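J.: Pasting the sequence and the predicted coordinates here, then a few questions.
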Amino acid sequence: MRRIDFFDTTLRDGEQSAGINLNTAEKLEIARQLERLGAAVIEAGFPASSPGDFEAVQRIATTVRNSTVTGLARAVKSDIDTSWDALKGAEQPHLHVFLATSPIHMEYKLKKTPDQVVDIAVEAVKYARSKFPLVQWSAEDAFRSDPAFLVRILNEVIAAGATTVNIPDTVGYASPQEYGALFRFLKENVRGIDRVKLSAHCHDDLGMAVANSIAAIENGADQVEGTINGIGERAGNAALEEIAVALHIRKDFYNLETGIRLNEIKRTSELVSRLTGVIIQPNKAVVGKNAFAHESGIHQDGMLKNPETYEIITPELIGATKEPLALGKHSGRAAFKDRAITMGFTLSDDQLNEVFAEFKELADKKKEITEDDLFVLFTRQQLEKTETPIYDLESIQVQYGTNNVPTATVTSTNPEGETVSVATTGAGSVEAIFNTLELLVKGDVHILDYQVSSIGKGRDALGQAVVNLNFNGTQLTGRGIAQDVLEASAKAYLNAINRQLVRQSLETQKELAVETVN
Ligand SMILES: [Zn+2]
């Protein structure tokens, strides 16, 4: 059976979209899950873009073993060298080097002639191959490039040693028929195209990213690139989980293999949504909250008589089975540990003790502990307890009444290591909290977006807040979870600020270390 490789770029194309900022531990957690999902290639970042990206790519490259790990590089020597340092520890070091080929990009962005672009691409691929066994070359904005020029440059980069060539629709402009035809044309005209992997990379500006990716597969693509939940620049990338499920459900028509473990989709999707703070629309195909909900009476009646009347995908297929939880207030540590393992978490004994105590505390307040709640507790334990926050929220008190001025009092640690209490007012409770936190945090803060949602169902569900803000010129996203949405909101605000401060202090430490070595 013909096999299609899945190239996941959640951590690169997805992560570079507005307001998403994951730390190394979070990126590593997502990469591990992508490995479990069965992604053939994981694009872990753009090593030359920042020390944070470099570190994350390096950690992922040395941790992940069953997926190929790659990093993005511009067609310049220094980017390739930096990427090599980040990726050389990988099982099979793979580089993704790109250069634009459309007339508008060559003339206005690169300010190069087509001849110069061919030379730069060839030189970059040759240099990359002198280090990396696997080199993917991407023609940025390929779909809006002259097809004859694409053939010429692809002939050259394949001769120079590229092992994969990627034909992106960078701006999401193609229709399925046109994009498919381009793949067929390249298959028929490029020398040596059968010796390399041919890859598709689609954006969703016109809502056609998944359809275009499948059109490319129908016309000879060996690999599709995309992200989990379709996150990414502007309208996002092709949603990989949708492509995987479409190829599986219509196996009768496509007859293809993907290597994707479909029952890991739900967990992957939830993890990416939680850690990026990008909420999934309820009606989204495959992973939306309502993707399997049958509301109308006629549909429900049909489902009762035979589920196949209206159901083409079962929740079980993507691992969404909500088996009833046998865990409650009286559950023991062994059963709890068991559950952590079944859910794919690896926690040390100390971590397990700590999260077990939290579980008991939550079970006192909340009647029913759901799988969603456990997911939150375990992820938090695995990711957030690894570093001490600079502003550590100790307590929060809010006074609100329809006839009073809302007031918030916050007690927290500060960068000097002291515990301080601050209070002020606002037009509403949340504004009072944000105003108070602004007094606490020294710097210029603007709130760009703020969302509150519940985790799971029920009146006692945990509250989740996501705050997108600008702090001293950097756009950041923070998340907070608590039984009360006001506390969750304060935590989300401080989480965003802490991310930036922790990142800055890591970078200063590195600079100091370099100075000491010199
Ligand atoms: Zn892209």
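T.: Happy to help now that I have it. In this text the structure is predicted, and so the values were computed from the model without any measurement.
J.: and A465, how many neighbours does it have?
T.: 25 (other C-beta atoms under 10 Å). Where C-beta positions appear, they are placed from N, C-alpha and C, glycine not excepted.
J.: Might one say that it is in contact with G480?
T.: Yes - using C-beta atoms under 8 Å, A465 makes contact with G480 at a distance of 4.9 Å.
J.: Return every residue with contacts to both of those two.
T.: Residues touching both A465 and G480 (C-beta atoms under 8 Å, 6 or more residues apart in numbering) are A488, S489, K491, A492.
J.: Confirm the second one sits in a helix?
T.: Yes - per DSSP: H, G, I helix; E, B strand; the rest coil, S489 lies within a helix segment.
J.: Pop out the phi and psi values for the closest residue in space to it that isn't next to it in sequence.
T.: Sequence neighbours aside, A465 is the residue nearest to S489 in space, at 4.3 Å (criterion: C-beta to C-beta, 6 or more residues apart in numbering). Here is the backbone geometry of A465 (degrees, to the nearest 10): phi -120, psi 140.
J.: Which helix or strand in the protein has the lowest average pLDDT?
T.: Lowest on mean pLDDT, DSSP states H and E among the helices and strands of the chain sits helix 297-305, with a mean of 80.
J.: Could you list the buried residues of that one?
T.: For helix 297-305, a neighbour-count test (16 or more other C-beta atoms under 10 Å) marks G302 as buried.
J.: what's the following helix or strand after it?
T.: Toward the C-terminus, helix 297-305 is succeeded by helix 333-342 as the next helix or strand (DSSP states H and E).
J.: Which strands or helices does the helix or strand just after that next one pack on?
T.: The first helix or strand that comes after helix 333-342 along the chain, using DSSP H and E, is helix 349-365. With contacts defined as 3 or more C-beta pairs under 8 Å, 6 or more residues apart in numbering; DSSP states H and E, the packing partners of helix 349-365 are helix 333-342, helix 371-383.
J.: would you list the shared contacts of A465 and G480 in CSV and tack on neighbour count?
T.: As requested, the shared contacts of A465 and G480 are exported to CSV (neighbours: other C-beta atoms under 10 Å):
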residue, neighbour count
A488, 23
S489, 28
K491, 22
A492, 26
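J.: which of those lies closest to G259?
T.: Nearest to G259 among the shared contacts of A465 and G480, counting by C-beta to C-beta, is A492 at 36.5 Å.
J.: Which helix or strand contains that closest one?
T.: For A492, the host element (DSSP H and E) is helix 485-517.
J.: Tell me who's in contact with T321.
T.: So T321 contacts P315 (C-beta under 8 Å, 6+ apart).
J.: Tell me the buried residues in stretch 462-479?
T.: Neighbour counts over stretch 462-479 (16+ other C-beta under 10 Å) mark 462-469, 471, 475-479 as buried.
J.: Just give me how far it sits from the chain centre.
T.: 16 Å (C-alpha atoms, centre = their mean, to the nearest Å).
J.: what about that stretch, how long is it end to end?
T.: Terminal residues of stretch 462-479 are spaced 13 Å apart (C-alpha to C-alpha, to the nearest Å).
J.: could you give the mean pLDDT of it?
T.: For stretch 462-479, mean pLDDT is 91.
J.: Going by residue numbers, what spans are strands in the stretch 51-200 of the chain?
T.: 68-74, 94-100, 134-140, 164-169, 197-202 (DSSP state E, counting those that start in this stretch).
J.: What I need now is these written out in JSON lines, including mean neighbour count and mean pLDDT for each item.
T.: Below are those laid out as JSON lines (neighbours: other C-beta atoms under 10 Å; pLDDT from 0 to 100):
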{"stretch": "strand 68-74", "mean neighbour count": "27", "mean pLDDT": "98"}
{"stretch": "strand 94-100", "mean neighbour count": "25", "mean pLDDT": "98"}
{"stretch": "strand 134-140", "mean neighbour count": "26", "mean pLDDT": "98"}
{"stretch": "strand 164-169", "mean neighbour count": "24", "mean pLDDT": "98"}
{"stretch": "strand 197-202", "mean neighbour count": "26", "mean pLDDT": "98"}
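J.: Just want the phi and psi numbers for the residue in the chain sticking out farthest from the centre.
T.: The C-alpha centroid of the chain is most remote from N403, which lies 43.9 Å away (C-alpha atoms, centre = their mean). Reported as degrees, to the nearest 10, the phi and psi values for N403 are phi -110, psi 0.
J.: Which residues are in contact with D484?
T.: Shown in contact with D484 (C-beta under 8 Å, 6+ apart): G463.
J.: Tell me the spacing between it and D115.
T.: 64 Å (C-beta to C-beta, to the nearest Å).
J.: what's the answer for V135, then?
T.: For V135, the distance to D115 equals 22 Å [C-beta to C-beta].
J.: do the same with A40
T.: 34 Å.
J.: who's more crowded, those two?
T.: Ranked by neighbour count (other C-beta under 10 Å), A40 and D115 place A40 first, with 20 against 9.
J.: got a list of what that one touches?
T.: Residues in contact with A40 (C-beta under 8 Å, 6+ apart) are D5, F6, F7, S67, T68, Q223, G259.
J.: hmm, back to that, among the buried residues of stretch 462-479, which one lies nearest to A25?
T.: Closest approach between the buried residues of stretch 462-479 and A25, by C-beta to C-beta: R479, at 13.6 Å.
J.: residues making contact with the strand or helix carrying that closest one?
T.: Using DSSP H and E, R479 maps to strand 474-482. When contacts are defined by C-beta under 8 Å, 6+ apart, strand 474-482 is touched by residues 18-21, 274-277, 376, 380, 448, 455, 462-470, 487-500.
J.: let's see 7 Å
T.: 18-21, 277, 376, 448, 455, 462-469, 488-496, 499-500 (C-beta atoms under 7 Å, 6 or more residues apart in numbering).
J.: what about this structure, any weak spots by pLDDT?
T.: In the predicted model, the chain carries pLDDT under 70 at residues 322-326, 384-387, 510, 512-518.
J.: For the nearest residue to R267 once chain neighbours are set aside, give its distance to T342.
T.: The shortest distance from R267 to any residue other than its chain neighbours is 6.0 Å, reached at G319 (C-beta to C-beta, 6+ apart). G319 sits 12 Å away from T342, going by C-beta to C-beta.
J.: Among those two, which residue is more densely surrounded?
T.: G319 (17 against 10).
J.: okay but N219 is in contact with F185, surely?
T.: No - using C-beta atoms under 7 Å as the test, N219 is too far from F185 to be in contact (8.8 Å).
J.: For those two, work out which one has more neighbours and name it.
T.: Per other C-beta under 10 Å, whichever of N219 and F185 has more neighbours is N219, with 20 against 16.
J.: residues contacting that one?
T.: By C-beta under 7 Å, 6+ apart, N219 lies in contact with G180, F183, R184, K187.
J.: Looks like L352 contacts A334 (just checking).
T.: No - assessed by C-beta under 7 Å, L352 is found out of contact with A334, at 10.5 Å.
J.: All the helices of the stretch 101-250 of the chain, in order from the start?
T.: Under the criterion DSSP state H, counting those that start in this stretch, helices of the stretch 101-250 of the chain are mapped to 103-104, 114-129, 147-159, 176-189, 209-218, 240-249.
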